[in-house]
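Undergrad: Can you look at this prediction? I've put the sequence above it.
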Amino acid sequence: MELRAPRGMQDILPGQTARWEHVEGVLRDLARRYGYREIRTPVVEHTEVFQRGVGEGTDIVEKEMYTFLDRGGRSLSLRAEGTAPVMRAFLEHNLGAAGLPLRAYYICPIFRYDRPQAGRYRQHTQFGAEVIGSAGPAADAEVLGLAVRGLEALGLEGVELHLNSVGDAVCRPQYLAALREYFRPYLGELCDDCRRRFETAPLRLLDCKHEHDRRIAAGAPRMPAFLCDPCREHFDGVQEHLAAAGIAYRVDPGIVRGLDYYTRTAAEVFSGKIGAQNAMFGGGRYDGLAEQLGGRPTPGVGFGMGLERVLLVLEQTGIAVPGDPPPDLFIATAPAQNPEQARRLGARAHALADGLRRAGLSVHADVMPRSLTAQMRYANRLGARFVWILDAARLPLRDMGTKEEVALAASPADAEALERGDPSAVERLQRMVTARVRPGAPGKERG
RNA sequence: GUGGCCGUAGCUCAAGGGCAGAGCACCAGACUGUGGCUCUGGGGGUUGCGGGUUCAAGUCCCGUCGGCCACCCCA
(Lines give C-alpha, C1' and ligand atoms only; values in the text may rest on other atoms or scores of the structure.)
Protein backbone atom coordinates (compact mmCIF):
# COMPACT_ATOMS: atom_id res chain seq x y z
CA MET A 1 0.00 0.00 0.00
CA GLU A 2 1.04 3.56 -0.51
CA LEU A 3 2.08 5.39 2.65
CA ARG A 4 1.02 8.77 1.46
CA ALA A 5 -1.88 11.14 2.01
CA PRO A 6 -4.12 11.51 -1.05
CA ARG A 7 -3.00 14.05 -3.60
CA GLY A 8 -3.64 17.66 -2.68
CA MET A 9 -4.46 16.73 0.91
CA GLN A 10 -2.19 17.13 3.87
CA ASP A 11 -1.69 16.05 7.44
CA ILE A 12 -1.67 18.77 10.04
CA LEU A 13 1.02 17.40 12.32
CA PRO A 14 1.38 17.88 16.09
CA GLY A 15 3.96 20.63 15.49
CA GLN A 16 1.39 22.58 13.45
CA THR A 17 -1.86 22.13 15.31
CA ALA A 18 -1.16 24.93 17.80
CA ARG A 19 -1.12 27.39 14.90
CA TRP A 20 -4.48 26.14 13.72
CA GLU A 21 -5.97 26.24 17.17
CA HIS A 22 -4.81 29.83 17.50
CA VAL A 23 -6.32 30.95 14.21
CA GLU A 24 -9.55 29.08 14.81
CA GLY A 25 -9.76 30.43 18.35
CA VAL A 26 -9.35 34.05 17.27
CA LEU A 27 -12.00 33.68 14.57
CA ARG A 28 -14.47 31.81 16.77
CA ASP A 29 -14.13 34.39 19.48
CA LEU A 30 -14.73 37.22 17.02
CA ALA A 31 -17.72 35.50 15.44
CA ARG A 32 -19.20 34.97 18.88
CA ARG A 33 -18.83 38.67 19.65
CA TYR A 34 -20.60 39.47 16.39
CA GLY A 35 -23.48 37.29 17.56
CA TYR A 36 -22.86 34.43 15.13
CA ARG A 37 -23.34 30.89 16.36
CA GLU A 38 -21.61 27.85 14.95
CA ILE A 39 -23.39 25.52 12.57
CA ARG A 40 -22.03 22.08 11.67
CA THR A 41 -23.38 20.34 8.63
CA PRO A 42 -22.44 16.87 7.34
CA VAL A 43 -19.24 16.55 5.39
CA VAL A 44 -21.31 15.08 2.54
CA GLU A 45 -24.54 16.29 0.97
CA HIS A 46 -26.91 14.98 -1.64
CA THR A 47 -25.22 15.93 -4.88
CA GLU A 48 -28.28 17.96 -5.87
CA VAL A 49 -27.61 20.46 -3.11
CA PHE A 50 -24.53 21.60 -4.98
CA GLN A 51 -25.88 21.05 -8.49
CA ARG A 52 -28.91 23.21 -7.84
CA GLY A 53 -27.37 25.56 -5.32
CA VAL A 54 -23.99 26.33 -6.78
CA GLY A 55 -25.13 25.88 -10.37
CA GLU A 56 -24.70 23.29 -13.12
CA GLY A 57 -22.49 25.49 -15.24
CA THR A 58 -19.90 26.25 -12.58
CA ASP A 59 -16.47 24.68 -12.50
CA ILE A 60 -17.16 23.34 -9.03
CA VAL A 61 -20.10 21.26 -10.17
CA GLU A 62 -18.83 20.55 -13.64
CA LYS A 63 -15.45 19.10 -12.78
CA GLU A 64 -14.35 19.57 -9.19
CA MET A 65 -16.73 17.55 -7.01
CA TYR A 66 -15.92 14.36 -5.16
CA THR A 67 -19.10 12.50 -6.03
CA PHE A 68 -19.90 8.88 -5.26
CA LEU A 69 -22.83 6.50 -4.91
CA ASP A 70 -23.48 5.15 -1.44
CA ARG A 71 -24.62 1.58 -0.84
CA GLY A 72 -28.21 2.60 -1.32
CA GLY A 73 -27.49 4.06 -4.75
CA ARG A 74 -27.80 7.68 -3.65
CA SER A 75 -25.47 10.21 -5.22
CA LEU A 76 -23.56 12.02 -2.50
CA SER A 77 -20.79 14.60 -2.76
CA LEU A 78 -18.13 15.74 -0.33
CA ARG A 79 -18.81 19.30 0.75
CA ALA A 80 -17.61 21.37 -2.23
CA GLU A 81 -18.65 24.72 -0.85
CA GLY A 82 -19.94 26.10 2.43
CA THR A 83 -23.00 28.21 1.74
CA ALA A 84 -25.35 25.79 -0.01
CA PRO A 85 -25.27 23.24 2.86
CA VAL A 86 -26.01 25.98 5.40
CA MET A 87 -28.97 27.14 3.34
CA ARG A 88 -30.12 23.52 2.99
CA ALA A 89 -30.04 23.17 6.79
CA PHE A 90 -31.81 26.51 7.20
CA LEU A 91 -34.66 25.37 4.96
CA GLU A 92 -34.80 21.82 6.30
CA HIS A 93 -35.07 22.90 9.94
CA ASN A 94 -37.02 26.08 9.26
CA LEU A 95 -34.40 28.00 11.22
CA GLY A 96 -36.15 31.26 10.38
CA ALA A 97 -38.81 30.30 12.91
CA ALA A 98 -36.42 31.25 15.70
CA GLY A 99 -36.43 34.83 14.42
CA LEU A 100 -34.69 36.41 11.48
CA PRO A 101 -31.99 36.81 10.54
CA LEU A 102 -30.02 33.67 11.25
CA ARG A 103 -26.41 34.49 11.93
CA ALA A 104 -24.19 31.42 11.69
CA TYR A 105 -20.54 30.58 11.14
CA TYR A 106 -18.60 27.43 10.40
CA ILE A 107 -15.05 26.13 10.25
CA CYS A 108 -14.98 23.00 8.17
CA PRO A 109 -13.18 21.12 5.42
CA ILE A 110 -14.07 21.77 1.77
CA PHE A 111 -13.21 19.32 -1.01
CA ARG A 112 -12.51 20.15 -4.64
CA TYR A 113 -10.92 17.87 -7.18
CA ASP A 114 -8.52 20.35 -8.74
CA ARG A 115 -4.86 20.34 -9.63
CA PRO A 116 -2.91 21.37 -6.52
CA GLN A 117 -0.65 24.41 -6.56
CA ALA A 118 0.49 27.11 -4.16
CA GLY A 119 -2.44 27.89 -1.88
CA ARG A 120 -4.75 25.41 -3.54
CA TYR A 121 -5.54 22.00 -2.12
CA ARG A 122 -8.06 19.26 -2.76
CA GLN A 123 -9.05 19.49 0.86
CA HIS A 124 -8.93 22.90 2.43
CA THR A 125 -10.51 24.54 5.43
CA GLN A 126 -12.94 27.42 5.32
CA PHE A 127 -14.05 29.76 7.99
CA GLY A 128 -17.32 31.15 6.76
CA ALA A 129 -20.27 33.13 8.05
CA GLU A 130 -23.78 33.69 6.74
CA VAL A 131 -26.62 36.08 7.47
CA ILE A 132 -29.85 34.54 6.23
CA GLY A 133 -33.14 36.38 6.11
CA SER A 134 -32.09 39.97 5.63
CA ALA A 135 -32.07 41.72 2.27
CA GLY A 136 -30.77 44.99 3.67
CA PRO A 137 -27.29 46.36 2.99
CA ALA A 138 -26.47 46.41 6.70
CA ALA A 139 -26.29 42.61 6.60
CA ASP A 140 -23.76 42.68 3.77
CA ALA A 141 -21.63 45.22 5.57
CA GLU A 142 -21.80 43.35 8.85
CA VAL A 143 -20.79 39.94 7.56
CA LEU A 144 -18.06 41.29 5.28
CA GLY A 145 -16.88 43.40 8.18
CA LEU A 146 -16.60 40.23 10.26
CA ALA A 147 -14.30 38.75 7.63
CA VAL A 148 -12.11 41.85 7.44
CA ARG A 149 -11.94 42.24 11.22
CA GLY A 150 -11.08 38.57 11.45
CA LEU A 151 -8.01 39.04 9.28
CA GLU A 152 -7.05 42.08 11.31
CA ALA A 153 -7.53 40.21 14.58
CA LEU A 154 -5.01 37.67 13.30
CA GLY A 155 -2.47 40.45 12.88
CA LEU A 156 -2.77 41.41 9.21
CA GLU A 157 -2.58 45.08 8.37
CA GLY A 158 -3.86 47.08 5.43
CA VAL A 159 -6.67 44.66 4.63
CA GLU A 160 -8.67 46.11 1.77
CA LEU A 161 -12.03 44.78 0.68
CA HIS A 162 -12.60 44.66 -3.08
CA LEU A 163 -16.27 45.30 -3.62
CA ASN A 164 -18.63 45.08 -6.54
CA SER A 165 -22.27 44.54 -7.37
CA VAL A 166 -23.20 41.97 -9.99
CA GLY A 167 -26.81 43.13 -10.12
CA ASP A 168 -29.91 40.99 -10.00
CA ALA A 169 -32.26 39.17 -12.34
CA VAL A 170 -33.49 42.51 -13.69
CA CYS A 171 -30.30 44.35 -14.54
CA ARG A 172 -27.65 41.64 -14.93
CA PRO A 173 -29.05 40.26 -18.21
CA GLN A 174 -29.01 43.76 -19.66
CA TYR A 175 -25.43 44.19 -18.61
CA LEU A 176 -24.40 40.82 -20.07
CA ALA A 177 -26.01 41.80 -23.35
CA ALA A 178 -24.13 45.10 -23.34
CA LEU A 179 -20.87 43.26 -22.61
CA ARG A 180 -21.33 40.89 -25.53
CA GLU A 181 -22.17 43.78 -27.77
CA TYR A 182 -18.95 45.48 -26.74
CA PHE A 183 -16.70 42.44 -27.15
CA ARG A 184 -18.28 41.04 -30.32
CA PRO A 185 -16.16 43.13 -32.73
CA TYR A 186 -12.98 41.96 -30.96
CA LEU A 187 -13.85 38.24 -30.97
CA GLY A 188 -11.20 37.50 -33.58
CA GLU A 189 -8.34 38.87 -31.50
CA LEU A 190 -9.33 37.54 -28.05
CA CYS A 191 -7.61 34.52 -26.52
CA ASP A 192 -9.18 31.07 -26.82
CA ASP A 193 -10.50 31.13 -23.27
CA CYS A 194 -12.16 34.47 -23.77
CA ARG A 195 -13.79 33.34 -27.01
CA ARG A 196 -15.20 30.33 -25.19
CA ARG A 197 -16.39 32.43 -22.27
CA PHE A 198 -17.96 35.02 -24.54
CA GLU A 199 -21.10 32.87 -24.55
CA THR A 200 -20.88 31.01 -21.27
CA ALA A 201 -19.56 33.64 -18.86
CA PRO A 202 -19.07 37.04 -20.41
CA LEU A 203 -18.29 38.56 -17.02
CA ARG A 204 -15.10 36.55 -17.03
CA LEU A 205 -13.78 38.47 -20.01
CA LEU A 206 -13.23 41.30 -17.57
CA ASP A 207 -10.52 39.58 -15.57
CA CYS A 208 -8.58 37.82 -18.33
CA LYS A 209 -4.86 37.81 -17.62
CA HIS A 210 -3.64 38.27 -21.18
CA GLU A 211 -2.23 41.74 -21.74
CA HIS A 212 -3.93 42.26 -25.10
CA ASP A 213 -7.31 41.15 -23.78
CA ARG A 214 -6.91 43.34 -20.75
CA ARG A 215 -6.47 46.41 -22.93
CA ILE A 216 -9.68 45.57 -24.76
CA ALA A 217 -11.51 44.85 -21.53
CA ALA A 218 -10.41 48.18 -20.10
CA GLY A 219 -12.87 49.92 -22.39
CA ALA A 220 -15.78 47.61 -21.62
CA PRO A 221 -18.92 48.90 -19.96
CA ARG A 222 -18.89 48.57 -16.18
CA MET A 223 -21.57 46.90 -14.13
CA PRO A 224 -22.11 49.79 -11.73
CA ALA A 225 -23.39 51.87 -14.62
CA PHE A 226 -26.03 49.24 -15.45
CA LEU A 227 -27.42 48.59 -12.00
CA CYS A 228 -31.17 48.97 -11.72
CA ASP A 229 -32.44 51.37 -9.12
CA PRO A 230 -32.99 48.87 -6.31
CA CYS A 231 -29.54 47.34 -6.90
CA ARG A 232 -27.94 50.76 -7.10
CA GLU A 233 -29.55 51.73 -3.85
CA HIS A 234 -28.43 48.52 -2.17
CA PHE A 235 -24.85 48.91 -3.43
CA ASP A 236 -24.74 52.48 -2.13
CA GLY A 237 -26.12 51.29 1.18
CA VAL A 238 -23.46 48.62 1.60
CA GLN A 239 -20.73 51.18 0.97
CA GLU A 240 -22.33 53.59 3.39
CA HIS A 241 -22.38 50.99 6.16
CA LEU A 242 -18.83 49.88 5.46
CA ALA A 243 -17.57 53.43 5.53
CA ALA A 244 -19.42 54.14 8.75
CA ALA A 245 -17.83 51.08 10.36
CA GLY A 246 -14.39 52.14 9.18
CA ILE A 247 -13.90 49.12 6.92
CA ALA A 248 -11.50 49.96 4.10
CA TYR A 249 -12.93 48.98 0.73
CA ARG A 250 -12.49 49.74 -2.94
CA VAL A 251 -15.06 49.38 -5.67
CA ASP A 252 -13.59 46.87 -8.12
CA PRO A 253 -15.70 46.03 -11.19
CA GLY A 254 -13.42 43.05 -11.80
CA ILE A 255 -14.87 41.17 -8.83
CA VAL A 256 -17.19 38.79 -10.55
CA ARG A 257 -17.45 35.55 -8.53
CA GLY A 258 -17.82 32.21 -10.14
CA LEU A 259 -20.91 30.78 -8.51
CA ASP A 260 -24.37 31.11 -10.01
CA TYR A 261 -26.11 32.06 -6.82
CA TYR A 262 -24.50 35.44 -6.31
CA THR A 263 -26.66 38.53 -6.65
CA ARG A 264 -25.76 42.13 -5.99
CA THR A 265 -22.84 42.21 -3.56
CA ALA A 266 -19.62 40.43 -4.52
CA ALA A 267 -16.45 40.88 -2.50
CA GLU A 268 -12.94 39.48 -2.14
CA VAL A 269 -9.75 40.22 -0.25
CA PHE A 270 -6.40 39.45 -1.83
CA SER A 271 -2.84 39.06 -0.68
CA GLY A 272 0.21 39.63 -2.80
CA LYS A 273 2.25 37.19 -0.75
CA ILE A 274 0.91 33.76 -1.61
CA GLY A 275 1.24 33.28 -5.36
CA ALA A 276 -1.40 33.11 -8.03
CA GLN A 277 -4.15 31.76 -5.78
CA ASN A 278 -4.31 35.01 -3.92
CA ALA A 279 -7.85 35.32 -2.56
CA MET A 280 -7.99 35.03 1.22
CA PHE A 281 -11.74 35.16 1.26
CA GLY A 282 -14.57 35.66 -1.15
CA GLY A 283 -18.21 36.24 -0.56
CA GLY A 284 -21.36 38.01 -1.48
CA ARG A 285 -25.11 38.01 -1.54
CA TYR A 286 -27.18 35.06 -2.72
CA ASP A 287 -30.82 36.11 -2.73
CA GLY A 288 -31.78 33.43 -5.25
CA LEU A 289 -30.18 30.44 -3.53
CA ALA A 290 -33.09 29.43 -1.30
CA GLU A 291 -35.44 29.21 -4.29
CA GLN A 292 -32.93 27.26 -6.34
CA LEU A 293 -32.88 24.71 -3.54
CA GLY A 294 -36.66 24.53 -3.59
CA GLY A 295 -37.38 26.67 -0.54
CA ARG A 296 -39.33 29.82 -0.14
CA PRO A 297 -37.47 32.95 -1.30
CA THR A 298 -35.01 33.95 1.41
CA PRO A 299 -32.23 36.48 1.01
CA GLY A 300 -28.76 35.82 2.38
CA VAL A 301 -25.20 37.07 2.38
CA GLY A 302 -21.94 35.54 3.54
CA PHE A 303 -18.32 34.70 2.85
CA GLY A 304 -15.84 31.87 2.90
CA MET A 305 -12.25 32.31 4.04
CA GLY A 306 -9.47 29.88 3.12
CA LEU A 307 -7.58 29.21 6.31
CA GLU A 308 -4.62 27.47 4.64
CA ARG A 309 -4.09 30.66 2.65
CA VAL A 310 -4.49 32.84 5.70
CA LEU A 311 -1.87 30.73 7.50
CA LEU A 312 0.41 31.11 4.48
CA VAL A 313 0.00 34.87 4.50
CA LEU A 314 0.68 35.04 8.23
CA GLU A 315 3.83 33.01 7.70
CA GLN A 316 4.99 35.11 4.75
CA THR A 317 4.27 38.29 6.67
CA GLY A 318 6.34 37.11 9.60
CA ILE A 319 3.48 37.35 12.05
CA ALA A 320 4.26 35.17 15.03
CA VAL A 321 1.70 32.50 15.76
CA PRO A 322 1.94 30.77 19.13
CA GLY A 323 3.36 27.28 19.32
CA ASP A 324 2.74 24.54 21.85
CA PRO A 325 3.29 25.66 25.43
CA PRO A 326 6.06 23.63 27.07
CA PRO A 327 5.22 21.43 30.06
CA ASP A 328 5.59 22.94 33.51
CA LEU A 329 7.25 19.90 34.94
CA PHE A 330 9.00 16.71 33.91
CA ILE A 331 9.26 13.92 36.47
CA ALA A 332 12.44 11.89 36.05
CA THR A 333 13.56 8.84 37.95
CA ALA A 334 17.12 8.43 39.22
CA PRO A 335 18.99 5.16 38.72
CA ALA A 336 17.60 2.59 41.13
CA GLN A 337 19.53 0.13 43.24
CA ASN A 338 17.51 -2.84 42.04
CA PRO A 339 14.69 -3.64 39.62
CA GLU A 340 12.09 -3.67 42.37
CA GLN A 341 13.00 -0.11 43.40
CA ALA A 342 12.98 0.99 39.76
CA ARG A 343 9.44 -0.28 39.37
CA ARG A 344 8.29 1.50 42.51
CA LEU A 345 9.92 4.76 41.41
CA GLY A 346 8.34 4.54 37.97
CA ALA A 347 4.89 3.91 39.38
CA ARG A 348 5.36 6.72 41.91
CA ALA A 349 6.39 9.14 39.13
CA HIS A 350 3.13 8.53 37.27
CA ALA A 351 1.02 8.71 40.41
CA LEU A 352 2.59 12.05 41.32
CA ALA A 353 2.12 13.34 37.78
CA ASP A 354 -1.55 12.47 38.02
CA GLY A 355 -1.97 14.39 41.26
CA LEU A 356 -0.06 17.43 40.01
CA ARG A 357 -2.14 17.57 36.85
CA ARG A 358 -5.26 17.68 38.98
CA ALA A 359 -3.68 20.64 40.73
CA GLY A 360 -3.44 22.40 37.37
CA LEU A 361 0.12 21.77 36.20
CA SER A 362 1.08 20.26 32.86
CA VAL A 363 3.29 17.34 33.73
CA HIS A 364 5.31 14.77 31.78
CA ALA A 365 6.39 11.51 33.32
CA ASP A 366 8.61 9.37 31.15
CA VAL A 367 7.23 6.18 29.68
CA MET A 368 10.59 5.00 28.37
CA PRO A 369 12.92 3.15 30.71
CA ARG A 370 16.18 5.03 30.17
CA SER A 371 19.09 6.65 31.85
CA LEU A 372 18.79 9.84 33.83
CA THR A 373 20.95 11.61 31.24
CA ALA A 374 18.58 10.54 28.50
CA GLN A 375 15.58 11.66 30.54
CA MET A 376 17.19 15.06 31.10
CA ARG A 377 17.93 15.40 27.39
CA TYR A 378 14.33 14.61 26.61
CA ALA A 379 13.02 17.02 29.27
CA ASN A 380 15.26 19.72 27.86
CA ARG A 381 13.96 19.15 24.38
CA LEU A 382 10.39 19.33 25.56
CA GLY A 383 11.27 22.70 27.04
CA ALA A 384 10.15 21.63 30.51
CA ARG A 385 10.61 24.46 32.98
CA PHE A 386 11.26 22.17 35.94
CA VAL A 387 12.44 18.62 36.38
CA TRP A 388 11.65 16.71 39.52
CA ILE A 389 14.10 13.88 40.02
CA LEU A 390 12.73 11.03 42.08
CA ASP A 391 15.16 8.88 43.99
CA ALA A 392 15.23 7.11 47.30
CA ALA A 393 16.50 10.10 49.29
CA ARG A 394 16.68 13.67 48.04
CA LEU A 395 13.95 14.40 45.47
CA PRO A 396 15.65 17.46 43.92
CA LEU A 397 13.45 19.86 41.92
CA ARG A 398 15.59 21.43 39.21
CA ASP A 399 14.84 24.75 37.52
CA MET A 400 15.95 24.14 33.94
CA GLY A 401 16.44 27.83 33.29
CA THR A 402 18.65 28.71 36.24
CA LYS A 403 19.98 25.20 37.02
CA GLU A 404 18.99 25.90 40.60
CA GLU A 405 18.00 22.85 42.59
CA VAL A 406 16.07 22.52 45.82
CA ALA A 407 15.60 19.30 47.73
CA LEU A 408 11.92 18.83 48.45
CA ALA A 409 12.14 16.01 50.96
CA ALA A 410 12.96 17.12 54.45
CA SER A 411 14.58 13.80 55.22
CA PRO A 412 15.18 10.36 53.77
CA ALA A 413 12.20 9.29 55.85
CA ASP A 414 9.99 11.67 53.84
CA ALA A 415 11.25 10.19 50.63
CA GLU A 416 10.50 6.73 51.89
CA ALA A 417 7.02 7.77 52.94
CA LEU A 418 6.52 9.16 49.46
CA GLU A 419 7.77 6.00 47.88
CA ARG A 420 5.32 3.98 49.98
CA GLY A 421 2.53 6.28 48.84
CA ASP A 422 1.81 7.71 52.28
CA PRO A 423 -1.08 10.11 51.52
CA SER A 424 0.05 12.93 53.78
CA ALA A 425 3.62 12.83 52.44
CA VAL A 426 2.34 12.82 48.87
CA GLU A 427 0.02 15.73 49.47
CA ARG A 428 2.68 17.79 51.25
CA LEU A 429 5.18 17.30 48.45
CA GLN A 430 2.64 18.07 45.77
CA ARG A 431 1.84 21.34 47.48
CA MET A 432 5.53 22.19 47.61
CA VAL A 433 6.07 21.39 43.93
CA THR A 434 3.00 23.33 42.85
CA ALA A 435 4.04 26.35 44.88
CA ARG A 436 7.49 26.33 43.27
CA VAL A 437 6.47 25.60 39.71
CA ARG A 438 3.42 27.78 39.51
CA PRO A 439 3.18 30.09 42.50
CA GLY A 440 -0.27 31.36 41.51
CA ALA A 441 -1.88 27.96 41.01
CA PRO A 442 -4.24 26.48 43.57
CA GLY A 443 -2.61 23.92 45.78
CA LYS A 444 -5.79 21.91 46.13
CA GLU A 445 -7.23 19.55 43.61
CA ARG A 446 -9.56 20.98 41.05
CA GLY A 447 -11.31 17.72 40.30
C1' G B 1 -7.83 18.92 -17.75
C1' U B 2 -2.93 21.63 -20.01
C1' G B 3 2.28 23.16 -19.51
C1' G B 4 7.30 23.91 -17.10
C1' C B 5 10.72 22.32 -13.30
C1' C B 6 11.88 18.46 -9.83
C1' G B 7 11.89 13.30 -7.02
C1' U B 8 18.90 10.34 -3.32
C1' A B 9 18.67 9.07 4.83
C1' G B 10 13.63 12.21 9.24
C1' C B 11 15.37 17.43 7.00
C1' U B 12 18.76 20.30 3.54
C1' C B 13 21.60 18.61 -0.29
C1' A B 14 26.39 16.05 -2.82
C1' A B 15 27.80 12.09 -6.10
C1' G B 16 26.23 13.40 -13.85
C1' G B 17 27.98 5.53 -16.49
C1' G B 18 32.36 2.39 -12.09
C1' C B 19 32.27 1.00 -3.70
C1' A B 20 25.58 5.96 -2.17
C1' G B 21 28.00 10.26 0.85
C1' A B 22 28.05 15.00 4.01
C1' G B 23 25.81 18.48 7.41
C1' C B 24 21.81 18.80 10.68
C1' A B 25 18.42 15.63 13.37
C1' C B 26 17.96 10.85 16.10
C1' C B 27 20.08 6.88 19.68
C1' A B 28 24.06 5.38 23.17
C1' G B 29 28.34 6.77 25.89
C1' A B 30 32.26 10.37 28.09
C1' C B 31 32.85 15.26 30.70
C1' U B 32 29.21 15.56 37.29
C1' G B 33 23.89 9.94 39.88
C1' U B 34 21.51 15.91 36.08
C1' G B 35 19.80 18.86 29.90
C1' G B 36 21.95 22.78 26.27
C1' C B 37 28.32 23.23 24.64
C1' U B 38 32.23 19.77 23.26
C1' C B 39 34.12 14.85 22.15
C1' U B 40 33.54 9.43 20.82
C1' G B 41 30.60 5.72 18.80
C1' G B 42 25.93 3.90 16.55
C1' G B 43 21.34 3.11 13.88
C1' G B 44 19.28 4.45 9.63
C1' G B 45 18.62 3.98 1.84
C1' U B 46 15.08 -1.40 -2.72
C1' U B 47 18.24 6.54 -4.98
C1' G B 48 9.41 7.45 -5.66
C1' C B 49 7.68 3.03 -8.57
C1' G B 50 7.93 -0.12 -13.17
C1' G B 51 10.35 -1.24 -17.56
C1' G B 52 14.49 -0.51 -21.17
C1' U B 53 19.85 0.44 -22.93
C1' U B 54 24.71 -1.27 -20.90
C1' C B 55 29.87 -5.71 -18.70
C1' A B 56 28.08 -1.93 -15.20
C1' A B 57 22.45 2.84 -14.07
C1' G B 58 20.80 7.97 -8.57
C1' U B 59 23.34 8.90 -13.27
C1' C B 60 21.04 7.65 -20.07
C1' C B 61 15.83 6.39 -22.44
C1' C B 62 10.38 5.33 -21.89
C1' G B 63 6.20 4.95 -18.80
C1' U B 64 3.86 5.84 -14.24
C1' C B 65 3.00 8.04 -9.46
C1' G B 66 4.06 12.18 -6.55
C1' G B 67 5.85 17.29 -5.31
C1' C B 68 6.46 22.44 -6.65
C1' C B 69 5.00 26.44 -9.87
C1' A B 70 1.85 28.44 -13.62
C1' C B 71 -2.75 28.14 -16.81
C1' C B 72 -8.00 27.18 -16.10
C1' C B 73 -10.67 28.33 -11.77
C1' C B 74 -11.03 29.51 -7.02
C1' A B 75 -10.68 29.91 -0.85
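TA: Received it, and whenever you're ready, just let me know what you need.

Undergrad: Which residue, neighbours along the chain excluded, lies closest to A:K273?
TA: The shortest distance from A:K273 to any non-neighbouring residue, by C-beta to C-beta, 6 or more residues apart in numbering, is to A:Q316 (4.0 Å). Bear in mind the C-beta positions are built from the backbone N, C-alpha and C, glycine included.

Undergrad: So which residues of the stretch 201-350 of chain A form strands?
TA: For the stretch 201-350 of chain A, strands defined by DSSP state E, counting those that start in this stretch occupy the ranges A:249-251, A:263-270, A:279-285, A:300-306, A:329-333.

Undergrad: In CSV: the ones you listed, plus mean neighbour count.
TA: As requested, these are exported to CSV (neighbours: other C-beta atoms under 10 Å):
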stretch, mean neighbour count
strand A:249-251, 15
strand A:263-270, 24
strand A:279-285, 25
strand A:300-306, 26
strand A:329-333, 26
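
Undergrad: can you list these in a markdown table and add distance to A:I110 and mean pLDDT?
TA: Output for these, formatted as a markdown table (distance: least, C-beta to C-beta, whole Å; pLDDT from 0 to 100):
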| stretch | distance to A:I110 | mean pLDDT |
| --- | --- | --- |
| strand A:249-251 | 25 | 94 |
| strand A:263-270 | 16 | 94 |
| strand A:279-285 | 12 | 94 |
| strand A:300-306 | 8 | 97 |
| strand A:329-333 | 40 | 93 |
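
Undergrad: OK, contacts around the residue nearest to A:K273?
TA: By C-beta atoms under 8 Å, 6 or more residues apart in numbering, the contact set of A:Q316 is A:271, A:273-274.

Undergrad: do the same with A:G82
TA: A:106, A:108, A:110, A:126, A:128, A:302, A:304.

Undergrad: what would the strands of the stretch 201-350 of chain A look like in TSV with distance to A:E81?
TA: Shown next, in TSV, are the strands of the stretch 201-350 of chain A (distance: least, C-beta to C-beta, whole Å):
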stretch	distance to A:E81
strand A:249-251	24
strand A:263-270	15
strand A:279-285	11
strand A:300-306	7
strand A:329-333	46
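
Undergrad: Can I get these in a markdown table including distance to RNA strand B?
TA: What follows is those, written out as a markdown table (distance: least, C-beta to the nearest atom of the strand, whole Å):
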| stretch | distance to RNA strand B |
| --- | --- |
| strand A:249-251 | 16 |
| strand A:263-270 | 7 |
| strand A:279-285 | 4 |
| strand A:300-306 | 3 |
| strand A:329-333 | 8 |
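
Undergrad: To A:G72, which of those lies closest?
TA: Across the strands of the stretch 201-350 of chain A, the minimum distance to A:G72, taken as C-beta to C-beta, is reached by strand A:300-306, at 30.3 Å.

Undergrad: Compute the inter-axis angle for that closest one and strand A:279-285.
TA: Put simply, strand A:300-306 runs at 170 degrees to strand A:279-285, going by axes from the mean of the first three to the mean of the last three C-alpha atoms, to 10 degrees.

Undergrad: Given strand A:300-306, what are its sheet partners and their directions?
TA: Strand A:300-306 has the following strand partners under DSSP bridges: strand A:123-132 (antiparallel), strand A:279-285 (antiparallel).

Undergrad: Centre of the chain to the last one, how far?
TA: Relative to its chain's centre, strand A:279-285 lies at 14 Å (C-alpha atoms, centre = their mean, to the nearest Å).

Undergrad: cool, the first one as well?
TA: For strand A:123-132, the gap between its own C-alpha mean and the chain's C-alpha mean amounts to 9 Å (C-alpha atoms, centre = their mean).

Undergrad: Show the subsequent helix or strand relative to it.
TA: Next helix or strand after strand A:123-132 toward the C-terminus (DSSP states H and E): helix A:137-153.

Undergrad: sorry, back to before: who wins on neighbours among the contacts of A:G82?
TA: A:G302 (28 neighbours; other C-beta atoms under 10 Å).

Undergrad: and the stretch 1-150 of chain A, which of its residues are near RNA strand B?
TA: Neighbours of RNA strand B within the stretch 1-150 of chain A, by C-beta under 7 Å from any atom of the strand: A:2, A:4, A:7-8, A:58-60, A:81, A:110, A:112, A:114-122, A:124, A:126.

Undergrad: Buried ones among those residues?
TA: A:8, A:58, A:60, A:81, A:110, A:112, A:119-122, A:124, A:126 (16 or more other C-beta atoms under 10 Å).

Undergrad: Now render those as TSV, adding secondary structure and pLDDT.
TA: Shown next, in TSV, are these (DSSP: H, G, I helix; E, B strand; the rest coil; pLDDT from 0 to 100):
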residue	secondary structure	pLDDT
A:G8	coil	90
A:T58	coil	82
A:I60	helix	87
A:E81	coil	94
A:I110	strand	96
A:R112	coil	94
A:G119	coil	89
A:R120	strand	92
A:Y121	coil	93
A:R122	coil	94
A:H124	strand	95
A:Q126	strand	97
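
Undergrad: Just give me the closest of those residues to A:A279.
TA: A:G119 (8.8 Å).

Undergrad: Quick check, the closest one in contact with A:V310.
TA: No. Using C-beta atoms under 8 Å, A:G119 is not in contact with A:V310; the gap is 10.0 Å.

Undergrad: Mean confidence (pLDDT) on the helix or strand harbouring A:L179, please.
TA: Assigned by DSSP H and E, A:L179 falls within helix A:172-183. Averaging pLDDT along helix A:172-183 gives 88.

Undergrad: quick revisit: per-residue confidence for the residue nearest to A:K273?
TA: Listed pLDDT for A:Q316 reads 86.

Undergrad: how about A:D236, what does it touch?
TA: A:P137.

Undergrad: quick one: low-confidence parts of the stretch 101-250 of chain A?
TA: A:209 (pLDDT under 70).

Undergrad: and if we set it to 90?
TA: A:117-119, A:169-225 (pLDDT under 90).

Undergrad: wait, what's in contact with A:R172?
TA: By C-beta under 8 Å, 6+ apart, the residues touching A:R172 are A:166, A:263.

Undergrad: Look up how far RNA strand B lies from it.
TA: Shown here: A:R172 relative to RNA strand B, a distance of 15 Å by C-beta to the nearest atom of the strand, to the nearest Å.

Undergrad: Repeat that for A:R197.
TA: 6 Å.

Undergrad: A:R204 is in contact with that residue, correct?
TA: Yes. A:R197 is within contact range of A:R204, at 4.5 Å (criterion: C-beta under 8 Å).

Undergrad: Name the nearest residue to A:R115, ignoring sequence neighbours.
TA: The shortest distance from A:R115 to any non-neighbouring residue, by C-beta to C-beta, 6+ apart, is to A:G8 (7.9 Å).

Undergrad: just A:Q123 next, same as before
TA: A:M9 (4.4 Å).
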